[in-house]
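from the sequence below, what's the structure:
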Amino acid sequence: MIIADIAKIPGRTFPARRMGRGMVGQAGQPIPAKGFTMGYVVLEPNGGQVPWHNQEQEEVYMILQGRGEMCVGTERTEVTAGQAVYMPPTQFHQLTNIGDTPLHMMYIYCPGGDVAHWRQELDGSLPPAGVGATPALPAGAQPQHIRK
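Here you go, the predicted model:
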């Protein structure tokens, strides 16, 4: 039996004001799995974010605590604890904490593997919404909050 304990996974802080902990998947995750990847993320209050990006995998975000603004493609809506959001493969999406308390969520995507937006955000190469090949955010959406 393999158990991943969130309290014992150090995690990583990202420039868009979030802490991510990989729990299941390839590349050294506590629970090795080939078919899917799962992790736990905490977005800082008032603007912490998973910035506008896309990937080849389909994905679900499960909001555990807090409230956020979810953008998927051209759609934008508020999400709260107890809601799950589905993102189809290659669809651009972004989650922003719009509350005064941390937003906690879990993500799962499959097939498993690496997604480039984490590395791109860390090395400063993640393209902002509406620049180059990335489409613009939906009308009225929170801007990206990536620290330089």
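
center of the protein, which residue is that?
Geometric centre of the chain, nearest residue: residue 50, 4.2 Å, by C-alpha atoms, centre = their mean.

isn't that one up against residue 103?
No. Judged on C-beta atoms under 8 Å, residue 50 makes no contact with residue 103 at a distance of 9.8 Å. In this view, the C-beta of every residue, glycine as well, is placed from N, C-alpha and C.

any common contacting residues for those two?
Listed as contacting both residue 50 and residue 103 by C-beta atoms under 8 Å, 6 or more residues apart in numbering are 43, 95.

would you put the C-alpha positions of the lowest-mean-pLDDT helix or strand in the chain in CSV?
One helix or strand of the chain scores below all others by mean pLDDT, DSSP states H and E: helix 116-123, with a mean of 87. Extracted in CSV, the C-alpha atoms of helix 116-123 (Å, rounded to 0.1, in the frame of the first residue of the first chain):
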residue,chain,number,x,y,z
ALA,A,116,4.6,22.4,-19.7
HIS,A,117,2.8,25.4,-18.0
TRP,A,118,4.4,24.7,-14.6
ARG,A,119,7.9,24.9,-16.1
GLN,A,120,7.0,27.8,-18.3
GLU,A,121,5.7,29.8,-15.3
LEU,A,122,8.8,29.1,-13.2
ASP,A,123,11.2,30.0,-16.0
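
and for that helix, what's in contact with it?
With C-beta under 8 Å, 6+ apart as the criterion, helix 116-123 contacts 14, 15, 16, 20, 51, 53, 54, 55, 126, 127, 146.

so where is this structure shaky, pLDDT-wise?
Where the chain drops to pLDDT under 70, the residues are 146-148.

and residue 74, what is it in contact with?
residue 138.

how near is it to residue 97?
22 Å (C-beta to C-beta, to the nearest Å).

go on, residue 63?
Using C-beta to C-beta, one obtains 10 Å as the distance from residue 63 to residue 97.
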